[in-house]
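J.: sharing a model that was predicted from the sequence below.
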Amino acid sequence: MKANEYQCAKCKGVFEKGWDDADAIAEAMEVFGKPPTEWNDDAMLVCDDCYQTMLPANHPEAVARAKEQI
């Protein structure tokens, strides 16, 4: 994989990064309340299509469970 690519943790496709890592980290902090570097597990990257199926705004109960675990 190239330096600007990642493999989606859900569909396993390989994609070119469309976001700066700092922007992705900022969004994770906003959604989950702390930066991924402080999570109990590693953050996983997902492609935009997979992310759309699990939008945090559409799944508040899942976000609440995730906050408890991270």
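T.: Ah, there it is. Since we're looking at a predicted model, the values are computed, not measured.

J.: ramachandran coordinates for the residue lying closest to Pro35 once chain neighbours are set aside?
T.: Nearest in space to Pro35, with sequence neighbours left out and distances taken as Cβ to Cβ, 6 or more residues apart in numbering, is Met29 at 5.1 Å. Backbone N, C-alpha and C define where each C-beta goes, glycine included. Torsion angles at Met29 (phi, psi; degrees, to the nearest 10) stand at phi -60, psi -40.

J.: strands along this structure, start to end?
T.: Ranges of strands in the chain, per DSSP state E, are 5-7, 14-16.

J.: for Val14, grab the count of nearby residues.
T.: By the criterion of other Cβ atoms under 10 Å, Val14 has 12 neighbours.

J.: helices of the protein, start to end?
T.: 21-32, 48-53, 60-69 (DSSP state H).

J.: which residues are contacting the last one?
T.: If I follow you right, that is helix 60-69. By Cβ atoms under 8 Å, 6 or more residues apart in numbering, the surrounding residues in contact with helix 60-69 are 31-33, 40-41, 54, 56.

J.: what does the longest one give?
T.: By Cβ under 8 Å, 6+ apart, the list of residues contacting helix 21-32 from outside reads 35-36, 39, 43, 45, 56, 63, 66-67, 70.

J.: leaving out sequence neighbours, find the closest residue to the spatially most central residue of the chain.
T.: By Cα atoms, centre = their mean, the chain has its centre lying nearest to Leu45, at 4.9 Å. In this structure, Leu45 finds its nearest non-sequential neighbour in Tyr6, 4.6 Å apart by Cβ to Cβ, 6+ apart.
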